[in-house]
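Asks: quick one: sequence and predicted model below, then my questions.
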Amino acid sequence: MQEMPVIFNTRMVAAILGGYKSTTCRVIKLPAEFTDLFEGSLPDYTIEHAWAAPGYELIHFDFQMRTAIPVKCPYFIRQHLWVKETWATEMFYEDGVRIKYKDDTRKFFEIPEDKYDWHENEWPAHDDFFHKNNVQLSISSEFDYEGTWILPETGWPIKWRPSIFMPRFVSRILLEVTSVDAIQIQDLTTDDIIAEGITEQEAIQYAQQSNNILPENWDYFRDKAFRNCFIDLWNSINAKRGYPFDVNPWVWKIGIKLLKASER
């Protein structure tokens, strides 16, 4: 089965593990010739989406030039996606490594044979810590793994790694694609936004903080509250990349389900 990495922030990882995120939207990176015809704007009538094995294609058709420019989707149904998230190497063993994640979950992984030299880039900060603090490593029997090296109570120098640098063998979450579509981000409905992982409690809190909306007025403001909460989340991730919500970028709307999540 073909696999592909996908990045999620800590908030969305929690939504996946909590079982309330079943959709993710990814910006479609359009080729230059796609937008140059309209000086960066894309009138609705020029866009269609059509099925194209193994996934979707976004089709631009120029009625004057009678030409079509396809943009193939990298995602397809039943494809497996392994999740990249913020992580840290917390401890090395003779036969593996213990990884810590932002939600305070820890997981032991064996290091594949072709990755035996991977740890060399992880050790320098730890060596400096040992020398500066005169720390001596000691064998601990608290763990199930023989030969486990553990630090005393002087503290371990956790260095959080950006999700983009996570190697495959320390990823704890595996997803499967259940659906693919091409839409503009402003076409998301409230149900779509809920499937994106926005909870009712988050929407209420965001509405109260921004508009002083009280829970008793919730039914009237519900859709707007969910939408504004999602816009804030979307812009926190994508605005700096040049795709804020108000420019209404085209996105792949991907249905996902959790296949595997490593336990603590």
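Replies: Yep, that arrived.

Asks: pull the number of nearby residues for Asn9.
Replies: Close neighbours of Asn9, defined as other CB atoms under 10 Å, add up to 15. All C-beta spots, glycine's among them, are computed from the backbone N, C-alpha and C.

Asks: mind listing what it touches?
Replies: Residues near Asn9 by CB atoms under 8 Å, 6 or more residues apart in numbering: Glu85, Thr86, Ser163, Ile237.

Asks: look up the closest residue to the third one, ignoring the ones flanking it.
Replies: Nearest in space to Ser163, with sequence neighbours left out and distances taken as CB to CB, 6 or more residues apart in numbering, is Lys84 at 4.3 Å.

Asks: please state the backbone phi and psi of the one you found?
Replies: The phi/psi pair for Lys84 (degrees, to the nearest 10) reads phi -100, psi 130.

Asks: how confident is the prediction for it, by pLDDT?
Replies: The model reports Lys84 with a pLDDT of 96.

Asks: same question for Asp36.
Replies: 47.

Asks: same question, Glu263
Replies: With respect to pLDDT, Glu263 has a value of 56.

Asks: ok, Val27 next?
Replies: pLDDT, Val27: 92.

Asks: show me what it is bridged to.
Replies: Beta-bridge pairing for Val27 (DSSP bridges): Val251.

Asks: shift numbering so it begins at 9
Replies: Yes, from this point I'll number from 9; that puts the last item at Val35.

Asks: tell me which residues touch it, please.
Replies: Val35 is in contact with Asn246, Arg249, Tyr251, Pro257, Trp258, Val259, counting by CB under 8 Å, 6+ apart.

Asks: any of those buried? List them.
Replies: Asn246, Tyr251, Pro257, Trp258, Val259 (16 or more other CB atoms under 10 Å).

Asks: ok, so of those residues, who is nearest Ile36?
Replies: Trp258 (4.4 Å; CB to CB).

Asks: touching, that closest one and Cys33? I think so.
Replies: No - counting by CB atoms under 8 Å, Trp258 sits too far from Cys33 to count as a contact (9.9 Å).

Asks: which residues are common contacts for those two?
Replies: Residues touching both Trp258 and Cys33 by CB under 8 Å, 6+ apart: Ile193.

Asks: re the thing from before, touching, the residue nearest to Ser171 and Met12? I think so.
Replies: No - contact criterion CB under 8 Å: Lys92 and Met12 do not qualify, at 10.6 Å.

Asks: looking at the two, which one has more neighbours?
Replies: Lys92 (22 against 13).

Asks: run a quick neighbour tally on Ser171.
Replies: Ser171 has 20 nearby residues by other CB under 10 Å.

Asks: so what's it up against?
Replies: So Ser171 contacts Ile15, Phe16, Asn17, Lys92, Glu93, Thr94, Trp95 (CB under 8 Å, 6+ apart).

Asks: what is the neighbour count of the fifth one?
Replies: In terms of burial, Glu93 registers 23 neighbours under the definition other CB under 10 Å.

Asks: so it is in contact with Arg19, correct?
Replies: No - the criterion here is CB under 8 Å, and Glu93 misses it with Arg19 at 10.5 Å.

Asks: which neighbours do those two have in common?
Replies: With CB under 8 Å, 6+ apart as the test, Glu93 and Arg19 reach no residue in common.

Asks: ok, for Trp226, nearest residue in space, not its chain neighbours?
Replies: Leaving aside its chain neighbours, Trp226 sits nearest to Ile212 (6.6 Å; criterion: CB to CB, 6+ apart).

Asks: phi and psi next, for Ile15.
Replies: According to degrees, to the nearest 10, Ile15 has phi -100, psi 130.

Asks: distance check, the residue nearest to Ser171 against Leu241.
Replies: 18 Å (CB to CB, to the nearest Å).
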